[in-house]
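[1] here is a sequence with its predicted model. Questions after.
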Amino acid sequence: MNEKIAAYDVKMTKTINNLDGELATIRAGRANPHVLDKIAVDYYGSPTPIQQVANVSVPEARMIQIQPWEKSMLKAIEKAILTSDIGINPTNDGTSIRLVFPELTEDRRKELAKDVKKKGEEAKVAVRNIRRDGNVAFKKLKGTEISEDEIKNLEDELQKITDKYIAQVDKMVEAKSKEIMTV
């Protein structure tokens, strides 16, 4: 692969990885510890991810159990979960916190599927913007030691890479939507 194209390929890969991370945080009826990834707890004055202050496990299909390494962290973890947007009330039993995920309603499933599609569209727009930036950069090469045919080949190669990543986004969105809609 041409080194001029490789930089844009790396940017598109980062976009795909970002989408993958966002899709992992969307809950699909089953307990998934990744819903806690974006939640930070106040740990001695600094925001710290829950996974760094507690043991997070999934003892049942619809439950996440959070066992802090320090008992004093229970209240802070509970507060962080309550102020987050995951929409689940934590149950504190004095030694651990349990998050019980209710069965998703049909309307909620459709809402989540729309959200997944929206995130997919945002990722596609990001990939297309990277392609546009690449094409603009290639057009600026006109008049240098690179011929117009080479510029055209670079643009064609960039378009092929763009198509590959757009297809990958579509597959990811379809898989996550199917996971959400499965009862």
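    Alright, I've got the coordinates. Residues are numbered from 1 along each chain as shown.

[2] which SS state does the nearest residue to Asn89 once chain neighbours are set aside fall under?
    Excluding the flanking residues, the one nearest Asn89 by Cβ to Cβ, 6 or more residues apart in numbering is Leu82, at 7.2 Å. Placement of C-beta: from N, CA and C, glycine included. Secondary structure assignment for Leu82 (DSSP: H, G, I helix; E, B strand; the rest coil): helix.

[3] just how off-centre is stretch 57-64 within its chain?
    21 Å (Cα atoms, centre = their mean, to the nearest Å).

[4] quote the end-to-end distance of it.
    Looking at stretch 57-64, the gap from its leading to its trailing residue is 6 Å under the measure Cα to Cα, to the nearest Å.

[5] quick one: buried residues of that stretch?
    For stretch 57-64, burial by neighbour count (16 or more other Cβ atoms under 10 Å) applies to Ile64.

[6] before we move on, back to that, the residue nearest to Asn89 contacts Ile88, doesn't it?
    No. No contact is recorded between Leu82 and Ile88 when judged using Cβ atoms under 8 Å, the distance being 9.3 Å.

[7] neighbour count for these two, which is higher?
    A side-by-side neighbour count of Leu82 and Ile88, using other Cβ atoms under 10 Å, places Ile88 first with 17 against 11.

[8] list the contacts for the most centrally placed residue in the chain?
    The residue lying closest to the centre of the chain (Cα atoms, centre = their mean) is Glu22, at 1.7 Å. When the contact criterion is Cβ atoms under 8 Å, 6 or more residues apart in numbering, the partners of Glu22 are Lys119.

[9] where does it land in three-state SS?
    Under three-state DSSP, Glu22 falls in the helix class.

[10] just the helices in the chain please.
    Under the criterion DSSP state H, the chain contains helices at 3-24, 74-83, 106-140, 148-181.

[11] let's test this: mean pLDDT of the first one, rounded?
    Rounded to a whole number, the mean pLDDT of helix 3-24 is 88.

[12] outline the domain layout of this structure.
    Following the assignment in the TED database, the chain carries domains at 3-27+105-182, 33-100.

[13] returning to that earlier point: save the helices of the chain as CSV, and put in distance to Gln67 too.
    Rendered in CSV, the data for these read as follows (distance: least, Cβ to Cβ, whole Å):
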stretch, distance to Gln67
helix 3-24, 22
helix 74-83, 10
helix 106-140, 28
helix 148-181, 27
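
[14] for Asn92, find the nearest of the ones you listed.
    Among the helices of the chain, helix 74-83 comes nearest to Asn92, with 5.3 Å by Cβ to Cβ.
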